[in-house]
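K.L.:
Here is my input, please return the structure:
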Amino acid sequence: MAENGDVSDELRSSLDVCGSVDDASSGDQTSHVEGGLPMPPVPRRFRSDGADVLWLRAAWLSPPCAVVGVGSADGGVGRSAITAAVGGVLALACPDPVIAIDATGRNWGGLGVRVSTVARSVWDAVDNADSLIDRQSVERFVQQGPTGLHALAAENAAAGGARRAPMLHETYALVERIRQVYSIALLDLPQVEVRGMWSPFVGCTVPVLVSRATRESVQHTLRLLTQLRQVSSALADEVILTLVAGRPHNPRELRFAEQQATDAVHGVVTVPWDPVLARPEPIDVRQLGAAARRAVVNLAAEIVTRCPSVRGVTGTEKKVQMSGTSALEA
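P.N.:
Prediction:
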């Protein structure tokens, strides 16, 4: 199998124009690849992670956006952290803004803690949904993460927010409006085992299930996947299973969980423990350790590869020879 970073000479030459945002000012211009395709520069510290192919593929995302559903069988598995981390990488890679939306229906923790401390919430956007006609009108209500990820997070009850969280149908009406102006959206969903959550999860363009990298959590997730397969075998085949290590030193437990998962699911990404992911504060993916950063880039690459606006474009239409290898097969 090819490595993530293996690309043709033609692609490599087009990627060499990319600079480093580590040294660039916020006003620097976006780099371009062959054919005038706009593409943000690949940060220097990401270049050893196979990110060049992700950056190129992300440049082909376009509205109406793919909806990435990030769900789980259990609570407390790191779902919001993964949503914010992957969204943070995509915000660096995509020429256009990326948005993450809290669809959990709760008024505490979650996406808001992982993105920003700004006191705006998804309810502000729901309450003004009729006015959301372009990206600028949406941006009035978003929080912004350290790498530019836009987020519509839940009302912060702990900080004195008194409004209820939007109901699921209200959130999805909002998503339909936002789809027309963003290139990719991530939904931080409640536990998929909760009654009524299967249909929204099945309806997402790219389904992601997050599990703790433990025997018990993986078993719960695989049972859920077996039930989902009865509803939609196509969805089960498309699921990207993301294993999140909850402790820094558990190699034996981690290997066992990985073996369980890979025996049942084609697409598995393991995210090792990292203090940046473990802390309940905004996630800057540029501060991740090398192993966790590589895993998050790998997950983002697999998500983008499954988006229709990327998957449906041939090498001839792109005018650039792209690697056809899945990030997960590397």
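
K.L.:
contacts and neighbour counts: CA atoms only from here.
P.N.:
Noted.

K.L.:
Now for the residue nearest the centre of the chain: which residues touch it?
P.N.:
With distances taken as CA atoms, centre = their mean, Val86 lies nearest the centre of the chain, 3.7 Å away. The contact partners of Val86, taken as CA atoms under 8 Å, 6 or more residues apart in numbering, are 296-297, 299-300.

K.L.:
For Ile178, see how far away it is.
P.N.:
19 Å (CA to CA, to the nearest Å).

K.L.:
Check Asp96 too.
P.N.:
13 Å.

K.L.:
Please apply the same query to Ala66.
P.N.:
For Ala66, the distance to Ile178 - CA to CA - is 11 Å.

K.L.:
Same check on Thr171?
P.N.:
10 Å.

K.L.:
cool, and Arg44?
P.N.:
In terms of CA to CA, Arg44 sits 32 Å off from Ile178.

K.L.:
cool, Thr147 as well?
P.N.:
In terms of CA to CA, Thr147 sits 20 Å off from Ile178.

K.L.:
Of the two, which one has the most company?
P.N.:
Set Thr147 next to Ile178 and count neighbours by other CA atoms under 10 Å: Ile178 wins out with 23 against 18.

K.L.:
Mind checking which of the contacts of Val86 land in helices?
P.N.:
296-297, 299-300 (DSSP state H).

K.L.:
State the pLDDT value of Pro207.
P.N.:
The score at Pro207 is 93. That number is its pLDDT.

K.L.:
same thing with Ile184?
P.N.:
Ile184 is given a pLDDT of 94.

K.L.:
That one bridge partners, please.
P.N.:
For Ile184, the beta-bridge partners under DSSP bridges are Ala66.

K.L.:
what's near enough to touch it?
P.N.:
So Ile184 contacts 61-63, 65-68, 98-99 (CA under 8 Å, 6+ apart).

K.L.:
hmm, try it at 10 Å
P.N.:
58, 61-68, 87, 90-91, 94, 96-100, 178, 304, 307 (CA atoms under 10 Å, 6 or more residues apart in numbering).

K.L.:
filter these to the buried ones?
P.N.:
Neighbour counting with 16 or more other CA atoms under 10 Å marks 58, 61-62, 64-68, 87, 90-91, 94, 96-100, 178, 304, 307 as buried within the contacts of Ile184.

K.L.:
among the residues you listed, which are in helices?
P.N.:
Using DSSP H, the buried ones among the contacts of Ile184 in helices are 58, 87, 90-91, 178, 304.

K.L.:
now, among these, which is nearest to Ser217?
P.N.:
Ser217 has its nearest neighbour among these in Gly87, at 23.7 Å by CA to CA.

K.L.:
what about the closest residue to Pro190 other than its chain neighbours, distance to Val98?
P.N.:
Spatial nearest neighbour of Pro190, excluding adjacent residues (CA to CA, 6 or more residues apart in numbering): Thr104 at 4.4 Å. From Thr104 across to Val98, the span is 19 Å (CA to CA).

K.L.:
okay, and for the stretch 151-300 of the chain, where does confidence drop off?
P.N.:
155-163, 194-196 (pLDDT under 70).

K.L.:
Just the strands from it, written as ranges.
P.N.:
In the stretch 151-300 of the chain, the strands defined using DSSP state E, counting those that start in this stretch lie at 184-188, 206-212, 240-244, 267-271.

K.L.:
now those as JSON lines including distance to Trp198?
P.N.:
As requested, the strands of the stretch 151-300 of the chain are arranged in JSON lines below (distance: least, CA to CA, whole Å):
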{"stretch": "strand 184-188", "distance to Trp198": "14"}
{"stretch": "strand 206-212", "distance to Trp198": "11"}
{"stretch": "strand 240-244", "distance to Trp198": "16"}
{"stretch": "strand 267-271", "distance to Trp198": "20"}
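
K.L.:
show me where the stretch 201-330 of the chain has helices.
P.N.:
215-231, 233-238, 251-264, 275-278, 290-305, 308-311, 315-318 (DSSP state H, counting those that start in this stretch).
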